[in-house]
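Participant: Using only what follows, build the 3D model:
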Amino acid sequence: SVFALLPAWAQGAVMSPDVPLETERSACATPWVRYAGWPPGGWGRYSTLAQARPSVVEGLQPVAGPIVGDPANGKRLFADRSRGGACIACHIVSDGEMPGNVGPNLSTIGAAGRSDEYLFNYVFDSRTLNPGSVMPPWGAHGILSRAEIIDVVAFLKTQTEPASFAAAEDDPGRRALPRQEIDNLDEFENPGMRAVEQGRELFFQVCASCHPSASLYDEWALGMPKYQPLLRKMLGIEEFLTRHARATTKSEFLMGGEENIALAVYLRYLANGKRMRVDASDPGAQAALQWGRELVGRKLGALNFACTDCHQIAARRWIRGSFLPGMDSMPDHFPSYRMSRGEIWDIRKRMQWCNVSIRADELPADAPEYGAIELYLSVRNQGQRLSVPGIRN
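Facilitator: Numbering: from 1, shown residues only. Have a look, this model is predicted:
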């Protein structure tokens, strides 16, 4: 079969026009519906990766007289995770449970000589006082009301003594850095390894009539994603599998589905231990690479975070009990088994979750924006060795 020559796809920055692909329909479920169990709220008034909606900085808010609020309610709000992670995700305060250290230690802010107006405005919209701030505009974006901010300020004014910690794990400055002690390629250690066998079975059931030897693809995954001129976007492995299966076998392996993820895991598993070598030399790939670079710096959602805020500016710090990795060593282990979810996620689903966790509407998994970011991350991680399936919390 002519398709036995398909390892040549891994050469060059553009996917060969001879590769059969279905290009008319979406590669994921339509209409797009957010995954079950994820926060259901919509945040349409805020920026998404698909549409930038500028967030206006209103300027300093006047505060008449000293603030007298309810410190107990302020403390509750400070730790309330239901509206975007809570202040304690980034700040240390006295008697705070598992704080982060992305922002400054606030355990003595009440003795720092800051005015009530200053404290109110920093919570309402810190950009008025620090244009480079990565702190969410809690008041300007309507996450907290003015009355609630008054209570938060009342609580901050009680913070006059340095926080003490009963154990090193409670202190983000002394907390042990996470270590990957699980062998992700051990089928007894990583439940995600079951997808390797499932993917192998699917390959020989569905693909073997045209691709009789899986060993021909032991380097193919290293060069993905690739630019697809017909679709005018980057095509990652998961979307490729959906479109190629439709065009050749009429199989419907939708992105995010069990079969799609299993095949994606298997094809990357074949290339494990080898170094990623994505080629972005084509003009189309170059444009996508630049777009991806711009998108990771775009402020998104009600929390007004960019990818770079968490994974560049605040990288290698703690957000609550979660350690924020940098943008290195990201695509080399996807798809990954998520222990906290009990399921395997591909990198597109991980991007979608990042959007939702900062209160930004996510895009369908086959959105070109995600493809551009996948390319950007892959180029940044050029030379990393694949180790799939990964396993993370």
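
Participant: For residue 206, give me its contacts.
Facilitator: By CB atoms under 8 Å, 6 or more residues apart in numbering, the contact list for residue 206 reads 245, 249, 251. No exception for glycine: its C-beta is placed from N, CA and C like everyone else's.

Participant: Wait, a helix at it?
Facilitator: Yes - looking at residue 206 with DSSP: H, G, I helix; E, B strand; the rest coil, it is inside a helix.

Participant: Quick check, pLDDT for it.
Facilitator: On pLDDT, residue 206 comes in at 94.

Participant: between the contacts of residue 206, which is closest to residue 169?
Facilitator: Using CB to CB, residue 245 comes nearest to residue 169 of the contacts of residue 206, at 46.6 Å.

Participant: what's the distance between that closest one and residue 206?
Facilitator: Distance, residue 245 to residue 206, by CB to CB, to the nearest Å: 7 Å.

Participant: any chance of the contacts of residue 206 in CSV, plus distance to residue 157, neighbour count and secondary structure?
Facilitator: Converted to CSV, these look like this (distance: CB to CB, whole Å; neighbours: other CB atoms under 10 Å; DSSP: H, G, I helix; E, B strand; the rest coil):
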residue, distance to residue 157, neighbour count, secondary structure
245, 61, 23, helix
249, 66, 15, helix
251, 63, 18, coil
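
Participant: mind putting those residues in TSV, pLDDT included?
Facilitator: Putting these into TSV (pLDDT from 0 to 100) gives the following:
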residue	pLDDT
245	96
249	94
251	95
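
Participant: Go through those and name the one nearest residue 362.
Facilitator: Among the contacts of residue 206, residue 245 lies closest to residue 362 (CB to CB), at 24.3 Å.

Participant: what's the weakest-modelled helix or strand in the chain?
Facilitator: strand 322-323 (a mean of 92; mean pLDDT, DSSP states H and E).

Participant: Quick one: list the elements packing against the helix or strand just after that strand.
Facilitator: Using DSSP states H and E, the helix or strand that follows strand 322-323 in sequence is strand 336-338. Other helices and strands packing on strand 336-338, by 3 or more CB pairs under 8 Å, 6 or more residues apart in numbering; DSSP states H and E, are strand 343-345, strand 390-392.

Participant: Looking at those strands, which one is packed in the most?
Facilitator: Most buried of those by mean neighbour count (mean count of other CB atoms under 10 Å) is strand 390-392; its value is a mean of 22.

Participant: which SS class is residue 362?
Facilitator: Three-state call for residue 362 (three-state DSSP): coil.

Participant: tell me the contacts of it?
Facilitator: Neighbour list for residue 362: 34, 48, 351, 352, 353, 355, 356 [criterion: CB under 8 Å, 6+ apart].

Participant: The fifth one: neighbour count?
Facilitator: Translated: residue 353. By other CB atoms under 10 Å, 16 other residues sit near residue 353.

Participant: same deal with the third one?
Facilitator: Neighbourhood size, residue 351 [other CB under 10 Å]: 21.

Participant: and the residue nearest to it when sequence neighbours are not counted, how far is that from residue 353?
Facilitator: Excluding its sequence neighbours, the residue lying closest to residue 351 (CB to CB, 6 or more residues apart in numbering) is residue 370, at 5.3 Å. Per CB to CB, residue 370 is found 12 Å from residue 353.

Participant: just residue 38 next, same as before
Facilitator: Relative to residue 353, and taking CB to CB, residue 38 is found at 7 Å.

Participant: can I get the helices and strands packed on strand 336-338 in a markdown table with mean pLDDT and distance to residue 62?
Facilitator: A markdown table is the format used below for the helices and strands packed on strand 336-338 (pLDDT from 0 to 100; distance: least, CB to CB, whole Å):
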| stretch | mean pLDDT | distance to residue 62 |
| --- | --- | --- |
| strand 343-345 | 98 | 46 |
| strand 390-392 | 94 | 46 |
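
Participant: Flag the shaky bits of the chain, pLDDT-wise.
Facilitator: In the predicted model of the chain, residues 1-11 satisfy pLDDT under 70.

Participant: which residue of it sits farthest from its center?
Facilitator: For the chain, the largest distance from the centre (CA atoms, centre = their mean) belongs to residue 65, which lies 42.4 Å off.

Participant: A strand includes it, no?
Facilitator: No - with three-state DSSP as the criterion, residue 65 is coil rather than part of a strand.

Participant: Now for residue 276, how many residues are close by?
Facilitator: For residue 276, the count of nearby residues is 19 (other CB under 10 Å).

Participant: The one 10 residues further on too?
Facilitator: By other CB under 10 Å, the residues close to residue 286 number 14.

Participant: again with residue 53
Facilitator: Residues lying near residue 53 (other CB under 10 Å) number 12.

Participant: same thing with the one 10 residues further on?
Facilitator: Residues near residue 63, counting by other CB under 10 Å, number 19.

Participant: what does residue 190 give?
Facilitator: Neighbour count of residue 190, defined by other CB under 10 Å: 21.

Participant: Phi and psi next, for it.
Facilitator: The phi and psi values for residue 190, taken as degrees, to the nearest 10, are phi -110, psi 110.

Participant: Contacts only, for it.
Facilitator: Applying CB under 8 Å, 6+ apart to residue 190 gives the contacts 182, 183, 184, 337, 389, 391.
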